[in-house]
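# Sequence first, predicted model second:
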Amino acid sequence: MKRVFFPLTVIGLVILSSCANDEKIQLFKGENLDNWSVFLPDTVEQASVFRVQDGKIFVGGIPNGYIKTLDQYSSYELHVEWRWLSEPANSGVLLHATGEDIWPNCIEAQLKSGNAGDFVLIGKGVGLTVNGTDYLVESEENRYKVAEKFEESSENPPGEWNTYDISVNESGIELVVNGVLQNRCTAPTKTKGHICIQSEGGPMEFRNIYLVEK
């Protein structure tokens with residue numbers, strides 16, 4: 001048998017390349033919101049809506065607002081965990097968000113109770129295709145459109161943690177809720193932007209927010 005020897009430098013480069021491709025970017029490390037900027041009405045105290053407590057992000061739910069990543073991303077695997085602290089309400093993970101509106105131009109991965117896994121398109125020109133059906137927001141006057149999830153709700157009861165695993169690239173987006181594929185789209189019109197976590201309705205917590213760029 002002929003033996004093939006590879007230089008250690010080559011092997012090292014392969015290993016480093018593999019590790020780099022799978023390296024997690026910790027968007028929230030359980031300590032602070034340094035990787036995020038906060039968007040709230042000017043009269044609202046930030047800590048009443050978004051703050052870190054017990055290693056988790058507390059979100060008050062009122063008033064509407066969001067935190068967004070300082071950087072923009074285009075192709076990645078995103079992991080988010082959330083739970084409702086009392087009566088389930090509304091929230092969302094905003095993908096490819098741009099602009100400074102209270103409802104930024106984006107593709108939302110819905111977190112409204114019972115509807116996690118819906119796509120919500122926000123803003124004129126935002127569109128995608130699900131199972132051969134095209135969805136497009138055509139005007140700012142009617143700037144929301146929903147592509148409903150595939151399955152019955154796979155969410156856990158209030159107080160229990162849920163997982164959102166979101167796969168994003170230029171050709172499509174997949175939404176997996178607690179291990180269940182709830183939605184898949186192709187041809188998104190937006191392919192890069194900030195990632196946001198919404199305040200919209202009721203108190204909740206987030207933890208273990210990270211991504212791996214592809």
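Structure's in. What do you need?

# can you give me the helices in this structure?
Secondary structure of the chain by DSSP state H: the helices cover 8-21.

# tell me, what residue is most central in it?
Within the chain, the residue whose C-alpha comes closest to the C-alpha centroid is V93; the distance, by C-alpha atoms, centre = their mean, is 3.9 Å.

# burial measure for E138, as a count.
Applying other C-beta atoms under 10 Å, we find 12 other residues in the vicinity of E138. For every residue, glycine as well, the C-beta is placed using N, CA and C.

# R143 too?
With neighbours defined by other C-beta under 10 Å, the count for R143 comes to 17.

# hang on, it packs against G125?
No. Counting by C-beta atoms under 8 Å, R143 stays clear of G125, with 9.7 Å between them.

# Touching both of the two, which residues are there?
Counting by C-beta atoms under 8 Å, 6 or more residues apart in numbering, the shared contacts of R143 and G125 are V137.

# if I look at the nearest residue to T189 once chain neighbours are set aside, how far off is A147?
Spatial nearest neighbour of T189, excluding adjacent residues (C-beta to C-beta, 6 or more residues apart in numbering): G127 at 4.5 Å. The gap separating G127 from A147 is 10 Å, by C-beta to C-beta, to the nearest Å.

# Pick out whichever of those two has more residues nearby.
Neighbours of G127 and A147, each counted by other C-beta under 10 Å, are more numerous for A147; the result is 22 against 19.

# Pull the contacting residues for the more buried one.
A147 is in contact with 118-119, 121, 128, 130, 133, 135, 183, 185, counting by C-beta under 8 Å, 6+ apart.

# Mind doing that once more with 7 Å?
Contact partners of A147, counting by C-beta atoms under 7 Å, 6 or more residues apart in numbering, are 118-119, 128, 130, 135, 183, 185.

# bridging residues for the residue lying closest to it once chain neighbours are set aside?
Counting by C-beta to C-beta, 6+ apart, the nearest residue to A147 once its immediate chain neighbours are dropped is F119, at 4.1 Å. Beta-bridge pairing of F119 under DSSP bridges involves A109, A147.

# Burial check on F119, number of neighbours?
Summarising burial for F119: neighbours were counted as other C-beta under 10 Å, giving 25.

# same deal with D165?
D165, neighbours per other C-beta under 10 Å, totals 16.

# cool, and I173?
Neighbourhood size, I173 [other C-beta under 10 Å]: 23.
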